[in-house]
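*Asks:* fold the following and give me the result.
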Amino acid sequence: MLRFRSLLVLLFYAVCSTGVAEVLDSIARIRALGVDEAAKHLPVSLEAVVTFRNPAQPALIAHDGREGIFVELPGGNADPHLKTGVRLRIEGTTQPGGFLPIIRCQRATLLGTESLPSPRPINATELFSPALDCQWVQVPAIITGVEFRKDLALIAEVSGWTIKLLLPNDPNAAQRAAGLMQRQVIVHGVVGSVFNAKRQLTGRHFFVPSFEHLILSENETQSGVAQLRAVDELLRSDSTARTMVRVRGVVTHAADDGLYLRGDGGSVFVRAANTSGLTPGTQVEAEGFAAIAPFRPILRAVSVKTLAEVSPPEPKPLDLTKDQLAGLHAELVSIEADLLALRDGPDDTKTLQCRAGGWFFEASLPAASFGTSRFKPEDRLRLAGICELTTTSSLPFSAAVDGFRLHLRRGNDIQIIQYAPWWTLRRLLWALGIVGALALIAFAWAALLRRRVSEQTEIIRMQVERSAVKDERQRIARELHDTIEQELAGVSLQLRNARQRLVHAPDQAGSSLDLAEKMLRHCRDEARSSIRDLRSVALEQRGLHGALQEFLVPLAAESGAQFTFETHGAPRNLPGPAEIHLLRIAHEAVSNAARHSGASEIRVRLSYEPEAVVLEVSDNGQGFDPKAPAPRGHFGILGIHERANKLRASVSIESAPGTGTTIRAVVPHSAETRANDQIS
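*Replies:* Numbers count the residues shown, from 1 in each chain. The predicted structure is shown next:
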């Protein structure tokens with residue numbers, strides 16, 4: 001038994017500890033929720049009366065006798081029974097809403113109809129209180145205008161503030177609105193709010209269920225018969241905003257919310273509920289009350305009477321001097337201007353951005369009147385429209401006018417008097433861009449061509465060098481055939497003669513042998529020279545410095561002299577003919593030192609300098625006088641000068657009897673590439 005009781009207690013506590021959200025049954029409790037609480041979709045079940053319903057919207061505003069709230073209906077709900085004055089049971093969940101918490105209705109049950117609750121009177125100090133959102137109130141107002149768009153909106157002045165009253169549209173709305181113009185009424189309606197993304201109030205309007213909730217004020221009085229006034233006499237010191245006046249003039253433009261009249265003393269905007277049938281050229285008399293507006297008062301018309309039809313008024317030229325411009329507010333004007341740009345404006349309008357005489361301004365036109373006309377920037381236009389002055393000053397004095405805009409009436413208010421030149425700044429920039437691109441392509445092509453020419457020139461140079469080497473080798477081969485072979489044939493002949501003389505005349509055989517010996521010595525010298533030329537392939541394999549060592553060391557060793565070879569600087573390849581000439585110059589200089597100077601030391605120095613290649617051969621031999629004529633049969637120095645001339649190089653010889661000899665050949669960088677192709 002004890003165990004059973006314990007089980008019951010545990011079950012009781014488990015049931016009690018289960019969290020069940022409390023159903024909210026009053027609008028005040030919902031409005032008191034914070035944003036996070038309302039976002040938890042708390043259950044709602046309450047009864048309330050519909051205070052406003054627009055059948056075109058899936059929403060309504062309900063009031064439970066104390067507070068009002070916005071209710072979202074299931075999507076697409078168009079139940080005709082959900083209308084103002086119906087009592088409902090609303091079941092749904094809470095939502096944070098955009099300004100205050102709202103109800104998302106899941107089921108609405110009709111409970112019948114009943115009278116709306118008594119509206120709460122408010123005054124000017126409460127008008128912009130955020131807590132008034134969705135409340136059912138009453139407030140005194142003066143109806144000053146009307147707007148016909150998707151819904152009907154009456155413009156009202158409430159405690160000095162301009163407020164819109166939103167009503168469901170009906171077939172007689174225009175006529176009923178006209179009967180309320182400039183009348184004092186008591187508005188019974190729901191307070192609406194305009195807010196931003198931070199849930200801050202930024203504007204105010206009213207939802208009015210019907211025209212029956214605009215009740216004419218019992219305190220409305222009008223001051224006698226309306227006086228006929230000129231346009232420039234409105235709101236002078238002898239009249240007030242509640243003085244009924246009349247203004248006569250010719251219509252220059254009829255807009256949705258009123259019309260512009262040109263009368264005595266200038267032009268004026270007349271706010272009227274119904275402008276149908278009024279076109280430019282209609283002479284009318286408007287009766288109503290003057291009201292304050294920037295730069296010039298407007299007339300809030302109670303009635304507009306047609307007097308006659310006259311010729312449509314011509315636009316006045318727009319004088320852009322400040323003292324004249326200030327008197328053209330609300331006037332029909334014309335101006336010539338340059339079109340700068342065309343853009344889409346608000347409320348299905350087209351806006352032309354223009355420039356005239358140093359002034360920049362905009363001209364707007366309904367998109368439907370714009371048609372298919374095509375304008376281009378820099379077109380010269382003649383515009384006709386209603387002038388509206390603007391200022392950046394906080395006080396709209398006439399002297400503070402610093403801008404204006406035009407309200408065009410129809411498509412033919414725009415005339416092209418000069419088309420934009422084809423050669424525009426944009427096209428000029430495009431042309432410059434294309435020319436610049438072509439110039440870059442040309443420079444790139446020239447650079448590539450120069451590189452290609454350089455490559456081809458290098459190939460041709462190498463081919464010329466190879467051809468020169470080939471020609472030189474062929475020349476050496478011919479020399480071998482023409483000289484050495486002939487010399488050997490002569491030696492053979494002398495040896496045959498010597499052999500015969502040894503048999504028949506031994507005493508004469510010696511002369512033949514001596515001649516054969518001389519011929520063999522000369523043949524040996526020729527063979528060595530030819531072999532050196534044939535072995536110039538070492539230049540291609542080892543370079544100039546390697547070939548010099550290969551050929552000069554054995555030559556110096558024949559005389560027993562000590563040979564020293566030095567290289568300075570970074571070796572670089574020279575054209576083939578240049579290296580061959582330098583190799584032969586060095587060979588001739590070392591050969592002379594080894595054979596004729598009696599030197600014990602021979603030094604060769606090859607320097608690769610930035611601007612030249614320098615070959616220097618020196619010895620410590622007996623020396624000679626460079627200015628003295630060369631001995632007969634000695635052609636070494638002459639050969640050195642000839643080869644230097646072919647290289648366009650300079651040669652200096654420093655020597656004197658008993659002081660040794662130094663021969664220096666300098667090949668400048670400019671001459672390296674111009675080496676003579678003829679090698680001898």
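
*Asks:* for Leu307, see how far away the residue lying farthest from the centre of the chain is.
*Replies:* Within the chain, the residue lying farthest from the chain centre (Cα atoms, centre = their mean) is His504, at 113.6 Å. Here the criterion is Cβ to Cβ, to the nearest Å. By it, His504 lies 167 Å from Leu307. Using the backbone N, CA and C atoms, a C-beta is placed for each residue, glycine as well.

*Asks:* count of residues packed around Leu234?
*Replies:* For Leu234, the number of neighbouring residues by other Cβ atoms under 10 Å comes to 21.

*Asks:* what's the domain layout of the chain?
*Replies:* Following automatic domain parsing, one finds the domains of the chain at 27-113, 135-216, 221-313, 314-421, 462-534, 540-680.

*Asks:* hey, least reliable of these by pLDDT?
*Replies:* Ranked by mean pLDDT, these end with domain 462-534 at the bottom, a mean of 69.

*Asks:* picking that back up, which residues touch the residue farthest from the centre of the chain?
*Replies:* His504 is in contact with no residue at all, counting by Cβ atoms under 8 Å, 6 or more residues apart in numbering.

*Asks:* and the gap between it and Ala498?
*Replies:* According to Cβ to Cβ, His504 and Ala498 sit 11 Å apart.

*Asks:* also Asn645?
*Replies:* Applying Cβ to Cβ, the value for Asn645 to Ala498 is 45 Å.

*Asks:* neighbour count for the two, which is higher?
*Replies:* Per other Cβ under 10 Å, whichever of Asn645 and Ala498 has more neighbours is Ala498, with 19 against 13.

*Asks:* apart from its neighbours in sequence, what residue is nearest the more buried one?
*Replies:* With Cβ to Cβ, 6 or more residues apart in numbering as the criterion, Ala498 has its nearest non-adjacent residue at 3.9 Å, and that residue is Ser512.

*Asks:* number of nearby residues for that neighbour?
*Replies:* Residues near Ser512, counting by other Cβ under 10 Å: 19.

*Asks:* kindly report the same for Phe624.
*Replies:* Neighbours of Phe624 under the rule other Cβ under 10 Å: 20.

*Asks:* confirm for me that it is in contact with Pro657.
*Replies:* Yes: at 6.4 Å, Phe624 counts as touching Pro657 under the criterion of Cβ atoms under 8 Å.

*Asks:* same for the helix or strand harbouring Val187, what does it pack against?
*Replies:* Using DSSP states H and E, Val187 sits in strand 184-195. Packing partners of strand 184-195 (3 or more Cβ pairs under 8 Å, 6 or more residues apart in numbering; DSSP states H and E): strand 43-53, strand 136-148, strand 152-158, strand 161-167, strand 201-207, strand 214-216.

*Asks:* dump that strand to PDB, keeping only the CA atoms.
*Replies:* Extracted as PDB, the C-alpha positions of strand 184-195 are listed here (Å, rounded to 0.1, in the frame of the first residue of the first chain):
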ATOM      1  CA  GLN A 184     -13.600  70.100 -40.500                       C
ATOM      2  CA  VAL A 185     -14.300  66.500 -39.500                       C
ATOM      3  CA  ILE A 186     -14.000  64.100 -36.600                       C
ATOM      4  CA  VAL A 187     -12.100  61.100 -37.800                       C
ATOM      5  CA  HIS A 188     -12.900  57.700 -36.200                       C
ATOM      6  CA  GLY A 189     -10.200  55.300 -37.300                       C
ATOM      7  CA  VAL A 190      -7.400  52.900 -36.400                       C
ATOM      8  CA  VAL A 191      -3.900  54.400 -35.900                       C
ATOM      9  CA  GLY A 192      -1.400  53.000 -38.300                       C
ATOM     10  CA  SER A 193       2.400  53.200 -38.100                       C
ATOM     11  CA  VAL A 194       5.300  53.600 -40.500                       C
ATOM     12  CA  PHE A 195       8.400  52.000 -39.000                       C
END
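
*Asks:* sheet-wise, list the partners of it with their directions.
*Replies:* Based on DSSP bridges, the pairing partners of strand 184-195 within the sheet are strand 136-148 (antiparallel), strand 201-207 (antiparallel), strand 214-216 (antiparallel).

*Asks:* what's the closest of those strands to Gln508?
*Replies:* Gln508 lies closest to strand 201-207 among the strands paired with strand 184-195, at 142.8 Å (Cβ to Cβ).

*Asks:* could I get the buried residue list for the closest one?
*Replies:* Residues of strand 201-207 classed as buried by neighbour count (16 or more other Cβ atoms under 10 Å): Arg204, His205, Phe206, Phe207.

*Asks:* the third one pairs with what?
*Replies:* Read it as Phe206. Counting by DSSP bridges, Phe206 forms beta bridges with Leu165, Val191.

*Asks:* let me see the contact set for it.
*Replies:* Neighbour list for Phe206: Val139, Ala156, Ile163, Lys164, Leu165, Leu166, Val187, Gly189, Val190, Val191, Gly192 [criterion: Cβ under 8 Å, 6+ apart].

*Asks:* and Arg382, by the same measure?
*Replies:* For Arg382, the contacting residues are Ser334, Ile335, Glu336, Ile414, Gln415, Ile417, by Cβ under 8 Å, 6+ apart.

*Asks:* any chance of a markdown table for those, columns secondary structure?
*Replies:* Below are these laid out as a markdown table (DSSP: H, G, I helix; E, B strand; the rest coil):
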| residue | secondary structure |
| --- | --- |
| Ser334 | strand |
| Ile335 | strand |
| Glu336 | strand |
| Ile414 | strand |
| Gln415 | strand |
| Ile417 | strand |
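
*Asks:* re earlier: for Lys470, find the nearest of the helices and strands packed on strand 184-195.
*Replies:* Taking Cβ to Cβ, strand 201-207 is the member of the helices and strands packed on strand 184-195 nearest to Lys470, at 97.1 Å.

*Asks:* kindly export that closest one (C-alpha atoms) in PDB.
*Replies:* Output of strand 201-207 as PDB, limited to C-alpha atoms (Å, rounded to 0.1, in the frame of the first residue of the first chain):
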ATOM      1  CA  LEU A 201       8.300  54.900 -35.500                       C
ATOM      2  CA  THR A 202       9.000  57.000 -38.600                       C
ATOM      3  CA  GLY A 203       5.500  58.100 -39.700                       C
ATOM      4  CA  ARG A 204       1.800  58.000 -38.900                       C
ATOM      5  CA  HIS A 205      -1.500  57.400 -40.800                       C
ATOM      6  CA  PHE A 206      -5.000  56.300 -40.100                       C
ATOM      7  CA  PHE A 207      -7.100  53.400 -41.300                       C
END
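
*Asks:* between that strand and strand 43-53, how big is the angle?
*Replies:* Counting by axes from the mean of the first three to the mean of the last three Cα atoms, to 10 degrees, strand 201-207 lies at 70 degrees to strand 43-53.
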